[in-house]
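[1] Sequence and predicted structure are below.
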Amino acid sequence: MSEARVVLLPGDGVGPEIAAEARLVLGVLAPDVELDERLIGAAAIRASGDPLPEETLAACRTADAVLKGPVGDPEFDAADVRPEQGLLRLRAALDAYANLRPAVQGDVDVLIVRELVGGLYFGARGVRDDGTVFDTCEYHPLQVERLVRRGFELARARRSSVTSVDKANVLETSRLWRRVVEEVAADYPDVRVEHMLVDNAAMQLAVAPGRFDVIVTENMFGDILSDLAAAVTGGLGLAPSASLSDGGPGIFEPVHGSAPDIAGRGIANPTAMLRSTALLLEHALGRADEARALERALAHALGSAPTPDLGGTGTTAGFGEAVRAQLALTASGA
Ligand code: NAD
């Protein structure tokens, strides 16, 4: 197995606490993988004035994958230079356009495939002379097509059903989205496809999440719907994500933010970060067996050492220990 290099970006708030657990787990499951730790977000602003320093970006570009904690700090909420800008720049620089957000619990198994480097978060913005503030939503057909194609490919390996979410009754970009989905669908006659307006999709995710297989959608709709999907499948502390490009390094990170309300107390749930680590092992390093072993160990620790967000009294470190103990048991064949 050739040696791989993963850039670890602990980030802000609870980020360093959960990143420490990811580092320990990778030390057990993939000790040959080099971990290259770098700064991003508020930590990077404090150190260098830039939320994505050039050396961090350069290290990410040449890595096999990026494992990232959340960024964000209330101290910078009103500042011109903000931690979240570093994250948006990183996603764009790596062209990590396909954001996979699985939400699994009981009979619910939905995979949200969100477009990550276009739309409202990247469009022209500004303030007009009269004080009007604007953000614009733009999509090129090719941006839509590559994302939608990923969704269909992923659906084929699952239950072969795609729900495309848009707001085609109002938005021009959504009408484009729908047209492209129809065109791509013609290449996948074995995959069922339906279109759903985003307001209905939110309601259906809340009341009947089990009806979905793969959801493909644009950047902002996916941002909001995936938090909802996370909430109905156990909470933000459990939800991982993988942001993939075509051939370049992917970014693996929890869906949740830096949780400043509990940062520094050692009680953050590291599951989302560790599930993101499992996605990295599988998608970036091709180590599916290790990924499965980690998921099984996590399921065990969720039962034996739950953190306070899940109604338990466990600590971040205690949870991590329970995961590693379970991995050791499995490795010894016990
Ligand atoms: P948040 O996800 O940080 O927190 C929402 C709630 O969930 C809080 O009560 C928090 O304590 C809880 N929570 C989140 N993660 C948890 C975990 N692992 N264990 C236990 N509880 C957890 O959302 P927010 O408060 O809206 O945002 C805080 C900061 O994070 C902001 O600066 C925001 O911009 C940033 N943010 C960053 C990312 C990212 O880096 N990808 C994503 C979302 C928000």
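    Thanks, I have the structure now.
[2] Helix or strand: which one has the residue nearest the centre of the chain?
    Central residue of the chain (CA atoms, centre = their mean): residue 241, 2.4 Å from the mean position. Residue 241 belongs to strand 240-244 when assigned by DSSP states H and E.
[3] got it, and residue 111?
    Per DSSP H and E: strand 108-115 holds residue 111.
[4] show me what contacts the closest residue to residue 113 other than its chain neighbours?
    Spatial nearest neighbour of residue 113, chain neighbours left out: residue 151 (4.3 Å); criterion: CB to CB, 6 or more residues apart in numbering. Any C-beta I mention is one placed from the backbone N, CA and C, and that applies to glycine too. Contact analysis of residue 151 by CB atoms under 8 Å, 6 or more residues apart in numbering lists 113, 162, 164, 214, 215, 216.
[5] I'd like to know how far residue 151 sits from the ligand.
    21 Å (CB to the nearest ligand atom, to the nearest Å).
[6] Quick check, pLDDT for that residue.
    For residue 151, the pLDDT comes out at 98.
[7] Then residue 235?
    For residue 235, pLDDT reads 87.
[8] and residue 286, how far is that from residue 146?
    22 Å (CB to CB, to the nearest Å).
[9] if we can go back for a sec, among the contacts of residue 151, name the ones in strands.
    Mapping these onto strands (DSSP state E) picks out 113, 162, 164, 214, 215, 216.
[10] Briefly note if whichever strand or helix holds residue 327 comes near the ligand.
    Take DSSP H and E as the rule and residue 327 turns out to sit in helix 316-331. No - counting by CB under 6 Å from any ligand atom, the ligand is not contacted by helix 316-331; separation bottoms out at 8.2 Å.
[11] Not counting that helix itself, show me its contacts.
    Applying CB under 8 Å, 6+ apart, the contact partners of helix 316-331 are 14, 17-18, 20-21, 24-25, 28-29, 266-271, 274, 293-294, 296-298, 300-301, 304-307, 314.
[12] Name the residues of stretch 151-158 that are buried.
    Going by neighbour count (16 or more other CB atoms under 10 Å), the buried part of stretch 151-158 is 151, 152, 154, 155.
[13] hang on, isn't the third one packed against residue 214?
    Yes - using CB atoms under 8 Å, residue 154 and residue 214 qualify as a contacting pair, with a distance of 5.7 Å.
[14] what touches both of these two?
    With CB under 8 Å, 6+ apart as the test, residue 154 and residue 214 both reach 111, 113.
[15] What pLDDT does the model give the residue of the stretch 201-334 of the chain found nearest the ligand?
    In the stretch 201-334 of the chain, the residue that lies nearest the ligand is residue 257 (2.4 Å; CB to the nearest ligand atom). On pLDDT, residue 257 comes in at 95.
[16] on that earlier part again, helices or strands up against the strand holding residue 241?
    Where contact means 3 or more CB pairs under 8 Å, 6 or more residues apart in numbering; DSSP states H and E, strand 240-244 is packed against strand 98-105, strand 250-254, helix 271-283.
[17] residues of the helix or strand in which residue 20 is found that come out buried?
    Per DSSP H and E, residue 20 falls inside helix 15-29. For helix 15-29, burial by neighbour count (16+ other CB under 10 Å) applies to 15-26, 28-29.
[18] Tell me which helix or strand comes right after it.
    Going down the chain from helix 15-29, the next helix or strand is strand 34-37, by DSSP H and E.
[19] circling back: what are the phi and psi values at the residue nearest to residue 113?
    Residue 151 adopts backbone torsions of phi -60, psi -40, taken as degrees, to the nearest 10.
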